[in-house]
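Chemist: Below: sequence and its predicted model.
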Amino acid sequence: MRRWIAFNRDLGLQLLALYLLLIIPFLIALLIFDRLIGVRIREDVQASDLSLARSISQEAELALTKALKTVEGLAKYPEVVRSDSAGMEAVFEVIINTSPDINLVYRLDANGIMVYHYPTGPTSTVGDDFSFRRYFQRALLTDQSLISEGRISPTTNQAVATAVMPLWSAEGKFLGLVGANIRLESLSETLTAVVSEHQTEGGLQVTILDSAEQIIADPDRQLLLQPAGHIIPGDYLVNFNVENHSQIITAPDGEERLYTHAPVSNINWDVIVSRPTSSAFATQLILRRVVLVAAAAFLLSGLFFWVTLTVRVIRPIERLGPISASIGLNQPLSQAEQEQLLSESGRDDQIGHLIRSIIRLKDSIAERMKEQATLLETSTAVVSTLDPETVLNRILEQMGRLLSIKMYAVIALDEKNGSFRIRAGRGLSRQFIEQLSIQPTEPDSVTMRALHAKEPVQVTDTETDPSYAIRKRRARAEGYRAILAVPLNTQYAPPTALLVFHPTPHVFTHNEIQLLTSFANHAAMAIENAMLYERSDMRLREQTHRLEALVQSLHDGLILSDLKGAVIYANKRVGELSELSTKTLMGMHVDQILARIAAKTSGKTHRKNGAHKVLNKKGEQTLEIPQDGSDRTIHLRLQVFNVNDEEGIPIGHGVFFHDVTADRELDRLKSSLVSTVSHELRTPLAAIKGYVSTMLADDVEWDYASQHEFLTIISEESDRLTNLVNNLLDLSRIEAGSLMLARENCDIREMVNRAARQAYLSPGNRFEVRMEAKLPKLYADPPRLESILRNLIENAVKYGGENAKIRVEVSRQAKDFLFRVRDDGPGISETERQNIFESFYRVDDSLARLTSGTGLGLAICQGLVRAHGGRIWAEPQENGACIAFTIPANNAAASNNRKKPKRAVRQ
Amino acid sequence: MNINVLVVDDEKPLRDFVRRNLEVRGYKVSTASNGLEALAVFKNEDLQLVIMDIMMPHMDGLEATRRIRENSHVPIIILTAMGEEADKVRAFDLGADDYLTKPFGVGELLGRVKAVLRRANWSEPASPAERIVRGEIEVDLERHKVKVRGKAIDITPTEFNLLVYLMKNAGKALHHRAILQHVWGTEYGDEAEYLRVYVGKLRQKIEADPLKPHYLHTEHGFGYRFEA
């Protein structure tokens, strides 16, 4: 399976397989053809050899038969039978002359003695006994003619075979024989002729063997009468009688030959034709060689083709694979890969073309990627802020970067002027930006055309374009020759277009226009976003603003931070506390701000320590911070809390500075009240205890006058104590808002005098009352009014000194009675005058500074005056102090204070 | 007995009470109704004792005490309506010798007056050694002078008496009560806060580092010990 996949994936393997698929059947066909042709050729060769052998054998047989006929004819001659030499001479002579094959005719007698032979010649054998000859022996046994084995005739000294005819008398007596020697050389000549005929076939060997397997005829005469074993392998000789006439056998000289034989009928001779296989099957061999060469050529060319294909096509394609993959992913190519690409891009063929287009593809992908990245950045910029100006500027910057254009602008309808003005531009002169104004009524302006057509419109050359003729001057002044306007697809925002200028005549390509359209869309998006945001989020923003205004105006400080402690929000109060602007606070660390606020508690080490603890602790902490420019201290309660999201996961911290100064002041007020009351009560008590103990003392005997004096003081001090307690009760009622006034018409002078009597005037004091003439009675609560006056007179005595002149003035002022209590003492300082009624509330660690009586006395006065619906203040004057208060004259003024009580509270 | 006492109080009845009782017992008494008047009297007269209220108009008793202390060691008894310890400590800090909490009876008044006067005039019985030297501290008993590291220091009578008592008993842990009765008088015994203030003031004057005392050691829950 895996191999199959590998095969499927490997083009080289597939091509190899296809090649083999084509070549193998062809080779097989070639082999079969070779085999068939081989067999055929062999058969042909064998057949031709056989027919050659047969024709030779027939020829030989013919010659022999002729010789036999000749001797048979001779045997009929009486001269021969009679063995008449003279008669034989004539007969034989004829024979010799007519038969060139026969070189000797002779007559042997019954004993085998040569009787006569013709031609006689120099070496006559007449008289010689030839009875030893085998043919003679054979002749004795037959009356048929026969052929002897090959031999050397002693008479002619030539190789011959003899045709023999035994001569028998009628009585059956053997009379000898007549023989004719057949010149074997003549047979050989025949063979030589045959061989020479077949000379083109080369190596053809034709041999005739006799029954004794002697070479009877052969083109090579030297071999005559030699045993056949010399030239013909024994194996073949042994199998002579086998049907298969042809056989390939290695000749004695080592050469492989094809042997074919044909018997010469009746005489047991054989014609053997042989030829070397090399020549016999030459055609077949040539053919086979051709086949082999063809196969080799196929293989070689296939291999060459495959290697070429691999090197030139498959390898480059394989290498292109990962490169194109990495191009697709926009990954940078390695140096080696780039070199490869470059080296192969120079090819002129399809591969080179492919590589070049891949390189182009790569470049274009990189460019597209860059464009996309810039567009993405632009999109990010569009969504990152809702300020259209910022976004527009960013888009313009990106455009300049990506498109390598120098002059471009965004033009929009200025709804105020009703004309198109440049909103943002790059590379353009300020004058151009400020002065360019296109009226919507200019239909032939590029901008208006683009906006109307809702598609980009360009002027490729401002000099030649007729529509631009009237604006030529503007173009020349600004230095552009081509202009492109791309409309922004806006719905809510005013019509807007993107303008791109080119300093030379320029045709904006489809690609450029497409990109610019993209930018235009982004710009449109930014503008629309901002518009929509403004519309849809207005209410939310208002709400947020309201909420923020609320938080900002809190008297308490609030810091919100992220989980790391960086400040996300801090309200105004925090800014005041830390003396930093709200902007500075943003992004600071909470600890820094806390440390800054805590640092203001400096001077008191324990406070500092406390502040440090605050930074490290969650929960509530209290800080005391002295306020600049006064002795007041701000008390802050710090609450550090986690801010959780809807699922309860902490998303930040909050620090809440709760201003507890008022609470603290109240606490202080309470303890101050207790101390003051305690002091106020102790003062008369001290006098009482002092005089009582004086009278009780054993060591001194007081006279009656003194005792009386002491008892008077004790009594007065007791009254004072009672008054004080009542005042305190009133004060608590005033505080609780439950003071009931029992108003009645009262005489002012009487009340002033009564108050003065109770006020412990010193003997040195001069007391004076000045009243406006004809003052009506005052509708007021007499004991309370008396309390007010007595307190003020007492203060005047205390502060004015024992010799002070004290004056009470009463007058009408509009609807009020105005009371003034003056003394000529040291007076009240400016700052004291402002705080005198607050002194009771003064925040101070100790009451030591509270002068006796003032705290409670003035507080009580103030409470009672206010209960009457009047007001009290300290008046500035050159010498001494002056406290003034008003009491409303009519009933109505008082009635809004409180319902007329059912039962007057009196003491 | 020619003892001149200044009574300062803004409340006439109380002022009169103190004045009458002291005069009847042979003291010469001047009065003032506030701090400023008190300072005026103090300038003009030779006083042996000042009895001063704290809360008064124009200038309160504490301020007046501080100013008097700038020039004089005259014993001062503070009158206060507040019994809180913080106020006593403050008064002592400013140089008061004793205090009386209102209301108080004649007995208490006279007791404190006598004790304070006795302390101020207390002189050690003649001793063979009129000088005590412990470490770097040198006390001249006859002339009521103290030198620390060779430098003479300013010291009030009560401080002087306390220092001498502690130095004479150097090395011994002394109980609060014992110190109070020996230095302030037999009427005293429970006023441990007096000691705290006075020891603190002494440390300021004689120790090189008051926070790490070398001479005056605190025996927690018991008393003090002088170590040379």
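Modeler: Cool, got the structure. Residues are numbered from 1 along each chain as shown, chains lettered A, B, ... in the order given.
Chemist: backbone phi and psi for the residue nearest in space to the middle of chain B, please?
Modeler: Central residue of chain B (Cα atoms, centre = their mean): B:D97, 2.5 Å from the mean position. Here is the backbone geometry of B:D97 (degrees, to the nearest 10): phi -100, psi -30.
Chemist: May I ask which helix or strand encompasses residue 6?
Modeler: I went with chain A, as the question did not name one. Taking DSSP states H and E as the definition, A:A6 sits inside helix A:2-9.
Chemist: oops, chain B please
Modeler: B:L6 belongs to strand B:4-8, assigned by DSSP H and E.
Chemist: cool, and B:P213?
Modeler: Counting by DSSP H and E, B:P213 is part of no helix or strand.
Chemist: and A:Q639, bridged to which residues?
Modeler: A:E620, A:F656 (DSSP bridges).
Chemist: that older thread, shouldn't the residue nearest to the centre of chain B be in contact with B:I77?
Modeler: Yes: at 6.6 Å, B:D97 counts as touching B:I77 under the criterion of Cβ atoms under 8 Å. No exception for glycine: its C-beta is placed from N, CA and C like everyone else's.
Chemist: what's the distance between the residue nearest to the centre of chain B and B:H182?
Modeler: 16 Å (Cβ to Cβ, to the nearest Å).
Chemist: Kindly report the same for A:A296.
Modeler: From A:A296 to B:H182 the distance is 141 Å (Cβ to Cβ).
Chemist: Tell me which of the two has more neighbours.
Modeler: Using other Cβ atoms under 10 Å in any protein chain shown as the criterion, A:A296 and B:H182 rank with B:H182 on top: 18 against 10.
Chemist: Am I right that that one falls within a helix?
Modeler: Yes: per DSSP: H, G, I helix; E, B strand; the rest coil, B:H182 lies within a helix segment.
Chemist: so what's it closest to, chain neighbours aside?
Modeler: Sequence neighbours aside, B:Y165 is the residue nearest to B:H182 in space, at 5.3 Å (criterion: Cβ to Cβ, 6 or more residues apart in numbering or on different chains).
Chemist: Touching, B:K168 and B:I132? I think so.
Modeler: Yes: under the criterion of Cβ under 8 Å, B:K168 makes contact with B:I132 at 6.8 Å.
Chemist: Name the residues contacting each of B:D97 and B:I77.
Modeler: When contacts are counted by Cβ atoms under 8 Å, 6 or more residues apart in numbering or on different chains, the set common to B:D97 and B:I77 consists of B:V116.
Chemist: Please identify which helix or strand holds the residue nearest to B:H182.
Modeler: helix B:157-168.
Chemist: Need the contact partners of that helix.
Modeler: By Cβ under 8 Å, 6+ apart, helix B:157-168 touches B:73, B:75, B:97, B:119-120, B:122, B:124, B:132, B:134, B:137, B:139, B:141, B:144, B:146, B:155, B:174, B:179, B:182-184, B:198-199, B:201-202, B:205-206, B:216, B:224-226.
Chemist: quick revisit: number of nearby residues for the nearest residue to the residue nearest to the centre of chain B once chain neighbours are set aside?
Modeler: The shortest distance from B:D97 to any non-neighbouring residue, by Cβ to Cβ, 6+ apart, is to B:P75 (4.5 Å). Neighbourhood size, B:P75 [other Cβ under 10 Å]: 27.
Chemist: Identify the residues contacting B:P75.
Modeler: B:Q48, B:L49, B:V50, B:D97, B:D98, B:V116, B:L117, B:R119, B:A120, B:P157.
Chemist: Among the contacts of helix B:157-168, the buried ones, what's the ChimeraX command?
Modeler: This is how ChimeraX selects the buried members of the contacts of helix B:157-168, with burial counted by 16 or more other Cβ atoms under 10 Å in any protein chain shown:
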select /B:73,75,97,119,120,124,132,134,137,139,141,144,146,155,174,179,182,183,184,198,199,201,202,205,206,216,224,225,226
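Chemist: now, which of the contacts of helix B:157-168 lie within strands?
Modeler: Mapping the contacts of helix B:157-168 onto strands (DSSP state E) picks out B:I132, B:R134, B:I137, B:V139, B:V146, B:L174, B:L216, B:Y224, B:R225, B:F226.
Chemist: Output these in JSON lines; the columns should cover distance to A:T886 and pLDDT.
Modeler: Below are these laid out as JSON lines (distance: Cβ to Cβ, whole Å; pLDDT from 0 to 100):
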{"residue": "B:I132", "distance to A:T886": "71", "pLDDT": "83"}
{"residue": "B:R134", "distance to A:T886": "71", "pLDDT": "85"}
{"residue": "B:I137", "distance to A:T886": "67", "pLDDT": "88"}
{"residue": "B:V139", "distance to A:T886": "67", "pLDDT": "88"}
{"residue": "B:V146", "distance to A:T886": "63", "pLDDT": "89"}
{"residue": "B:L174", "distance to A:T886": "66", "pLDDT": "88"}
{"residue": "B:L216", "distance to A:T886": "62", "pLDDT": "89"}
{"residue": "B:Y224", "distance to A:T886": "62", "pLDDT": "91"}
{"residue": "B:R225", "distance to A:T886": "67", "pLDDT": "89"}
{"residue": "B:F226", "distance to A:T886": "67", "pLDDT": "89"}
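Chemist: low pLDDT regions in chain B?
Modeler: B:1, B:82-87, B:122-129 (pLDDT under 70).
Chemist: Can you name the residues of it sitting close to chain A?
Modeler: Within chain B, the positions near chain A by Cβ under 8 Å from any Cβ of the partner chain are B:10-14, B:16-18, B:20-21, B:24-25, B:33, B:54-58, B:60, B:62, B:81-82, B:86-87, B:90, B:102-107, B:109.
Chemist: hang on, isn't A:L721 packed against A:P684?
Modeler: Yes: at 4.5 Å, A:L721 and A:P684 qualify as touching, with contact defined as Cβ under 8 Å.
Chemist: Now do the contacts for B:A64.
Modeler: Taking Cβ under 8 Å, 6+ apart, one finds B:V8, B:G35, B:L36, B:A38, B:L39, B:M52 in contact with B:A64.
Chemist: Which one (most neighbours) among these?
Modeler: For the contacts of B:A64, neighbours were counted by other Cβ under 10 Å; the highest total belongs to B:V8, with 30 neighbours.
Chemist: B:G35 is in contact with that residue, correct?
Modeler: Yes: B:V8 is in contact with B:G35 according to Cβ under 8 Å; the separation is 7.1 Å.
Chemist: Report the set of residues contacting both of these two.
Modeler: In contact with both B:V8 and B:G35: B:M52, B:M56, B:G61, B:A64, using Cβ under 8 Å, 6+ apart.
Chemist: and which of those residues is nearest to chain A?
Modeler: Set against chain A, the nearest of these by Cβ to the nearest Cβ is B:M56 (6.8 Å).
Chemist: isn't there a strand covering the closest one?
Modeler: No: counting by three-state DSSP, B:M56 falls outside a strand, being coil.
Chemist: three-state assignment of the spatially closest residue to A:V81 that is not a sequence neighbour?
Modeler: Nearest in space to A:V81, with sequence neighbours left out and distances taken as Cβ to Cβ, 6+ apart, is A:L167 at 5.9 Å. Using three-state DSSP, the structure places A:L167 in strand.
Chemist: Could you tell me how many residues sit around A:L167?
Modeler: Neighbours around A:L167, by other Cβ under 10 Å: 25.
Chemist: repeat for A:D667
Modeler: 12.
Chemist: would you say it is within a strand?
Modeler: No: counting by three-state DSSP, A:D667 is not found in a strand; it is helix.
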